[in-house]
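Enquirer: Dropping a prediction and its sequence here:
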Amino acid sequence: MTWTRLSSTTWIAVLGMTCLASAQPRQPTPEERAERERRFQAELKMERPVAALDSIWIEELTWIEIRDAIAAGKTTAIVSTGGIEQNGPYVAMGKHNYILQTACEDIARKLGNALCAPIVKLVPEGGIDEPTGHMRYSGTISVRDETFQAMLEDVGASLKVHGFKNIVYIGDSGGNQRGMAAVAKKLNSKWSDAHAHHIAEFYDNDGLIKYMNDELGIEETENDGVHDSYWITALQMVTDPSTVRYEQRVKAGKAKVNGVSIEDLDKTVEVGKTLMKWRVERTAKLIENAVRQSSSTQ
C-alpha cells in the first residue's frame with residue numbers, strides 16, 4: 001500500500017475545512033420556520049403581566065407597555081436633541097440635555113398622547129479634525145451633520161415602524177435646527193401614513209427672554225462674557241441645581257449670571273418652572289396644531 005505524504009500545512013487546511021463544514025448551522029425546515037413565526041405572533045399578543053410604569057420615556061418602558069400605549073392612542077413620539085458642549089466655567093457640558101429631561105416629559109404629559117424617545121445627546125458642535133466652535137474646548141463631542149441627520153432619520157423611521165403616526169423633532173440648541181428641519185422634510189417626502197414635524201419655535205430664545213423681562217420683571221443687566229445666561233440656568237436648575245454648580249458658586253460668592261442672582265435657590269427654581277411652563281404650553285399647542293394640519297391634508 002502506498003501512503004500519500006501530505007504536508008502539515010495541507011493537513012491543517014483540510015482539517016479547517018472539515019471543521020468549518022461541520023460548524024455550519026442546520027437550516028430550519030419550512031415547518032420549523034412556520035412554528036417559530038407562530039410562536040412570535042403569539043408573543044406579540046401576550047397580555048401585560050404586571051401594572052404599567054407611569055413613564056413617558058420609551059427607554060424606561062417595556063415593549064409591551066409601549067405597544068399598549070400606542071394602541072390606547074399615544075401615537076406621537078417626541079425626538080429631542082441637546083448636545084455636549086462647553087457652557088462656561090460653572091455649567092455642565094450636558095446643559096441642553098438636562099433641560100430636555102424636564103421639558104420633553106412635561107410636553108408629552110401636556111399633550112396626553114405622546115411618548116419621548118431617548119434624548120439625542122450627540123449633535124454637531126463644530127469641526128473635529130481642525131477643531132472649530134465648541135470643539136476648541138475640552139470635553140465637547142461633535143458629530144458630522146450627515147451623521148446627525150442619518151441618526152434622526154433612522155430614529156424617526158424606527159418609531160414609525162412601531163405605529164407612531166407623528167414624529168416630532170425639537171431641539172434645545174440653535175445648531176440642531178437645520179438638521180432636524182431637513183430630516184422632517186425628507187421623511188415627509190417618503191411617508192404617506194405618518195408625518196414628521198420640526199417645531200423650531202421650541203427654541204424661541206427671544207420670545208422667552210421677552211416673557212421673562214415683561215411678565216416676570218427679570219432682566220439681565222450685565223454680560224459675563226461666557227456661554228451662559230440667567231434664563232437658561234434657571235431652566236436647568238429645575239432638573240438639577242448641581243449641574244450649574246449651585247452650592248459651589250454660593251460658597252465662592254459667584255452665584256450671579258449676567259447681573260442676576262441665583263443665590264435664592266427656591267426663587268430661582270420657581271422662575272425656571274415658570275419659564276419652563278411657558279415653553280411647554282406653547283410647544284404643546286404648536287405640536288397639536290401641526291398634527292391637526294397634517295391630518296387634514298391626508
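Expert: Noted; the coordinates are in hand.
Enquirer: Going by C-alpha atoms from here, please, whenever you check contacts or count neighbours.
Expert: OK.
Enquirer: how far out from the middle of the chain is stretch 252-267?
Expert: Put simply, stretch 252-267 sits 30 Å off its chain's centre (CA atoms, centre = their mean, to the nearest Å).
Enquirer: Next, the distance between the ends of it.
Expert: End-to-end span of stretch 252-267 (CA to CA, to the nearest Å): 20 Å.
Enquirer: Buried residues, that stretch. List them.
Expert: 254-255, 257-258, 260-263, 265 (16 or more other CA atoms under 10 Å).
Enquirer: Go through those and flag which are in helices.
Expert: Counting by DSSP state H, the part of those found in helices is residue 265.
Enquirer: Which members of the buried residues of stretch 252-267 are the farthest-apart pair?
Expert: 258 and 265 (16.7 Å; CA to CA).
Enquirer: and the residue nearest to residue 55 when sequence neighbours are not counted, what pLDDT?
Expert: Nearest-residue entry for residue 55: residue 61, 7.0 Å, with adjacent residues in sequence omitted and distances by CA to CA, 6 or more residues apart in numbering. Reported pLDDT at residue 61 in the predicted model: 98.
Enquirer: close enough to count as contact, residue 61 and residue 51?
Expert: No - with contact defined as CA atoms under 8 Å, residue 61 does not count as touching residue 51 (11.5 Å).
Enquirer: of those two, who's got more company?
Expert: residue 61 (15 against 7; other CA atoms under 10 Å).
Enquirer: For the more buried one, grab phi and psi.
Expert: phi -100, psi 160 (degrees, to the nearest 10).
Enquirer: measure it to residue 144 for me?
Expert: The separation that residue 61 has from residue 144, given CA to CA, amounts to 30 Å.
Enquirer: Also residue 274?
Expert: For residue 274 relative to residue 144 (CA to CA), the value is 35 Å.
Enquirer: for the protein, what helix or strand is lowest in average pLDDT?
Expert: helix 8-23 (a mean of 53; mean pLDDT, DSSP states H and E).
Enquirer: Which helix or strand lies directly C-terminal to that helix?
Expert: helix 30-44 (DSSP states H and E).
Enquirer: Please write out the alpha-carbon positions of that next one in PDB.
Expert: Below are the C-alpha coordinates for helix 30-44, written out as PDB (Å, rounded to 0.1, in the frame of the first residue of the first chain):
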ATOM      1  CA  PRO A  30     -40.300  25.300   6.400                       C
ATOM      2  CA  GLU A  31     -42.300  23.700   9.100                       C
ATOM      3  CA  GLU A  32     -39.900  24.800  11.800                       C
ATOM      4  CA  ARG A  33     -39.900  28.400  10.400                       C
ATOM      5  CA  ALA A  34     -43.700  28.400  10.400                       C
ATOM      6  CA  GLU A  35     -43.700  27.300  14.000                       C
ATOM      7  CA  ARG A  36     -41.200  29.900  15.100                       C
ATOM      8  CA  GLU A  37     -43.300  32.600  13.400                       C
ATOM      9  CA  ARG A  38     -46.500  31.300  15.100                       C
ATOM     10  CA  ARG A  39     -44.800  31.500  18.500                       C
ATOM     11  CA  PHE A  40     -43.600  35.000  17.700                       C
ATOM     12  CA  GLN A  41     -47.000  36.200  16.700                       C
ATOM     13  CA  ALA A  42     -48.500  34.700  19.800                       C
ATOM     14  CA  GLU A  43     -45.800  36.500  21.900                       C
ATOM     15  CA  LEU A  44     -46.700  39.800  20.300                       C
END
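Enquirer: Please state the offset of that helix from the chain centre?
Expert: Distance, centroid of helix 30-44 to centroid of chain: 34 Å (CA atoms, centre = their mean).
Enquirer: List the buried residues in it.
Expert: Per 16+ other CA under 10 Å, helix 30-44 contains no buried residues.
Enquirer: All good on my end, thank you.
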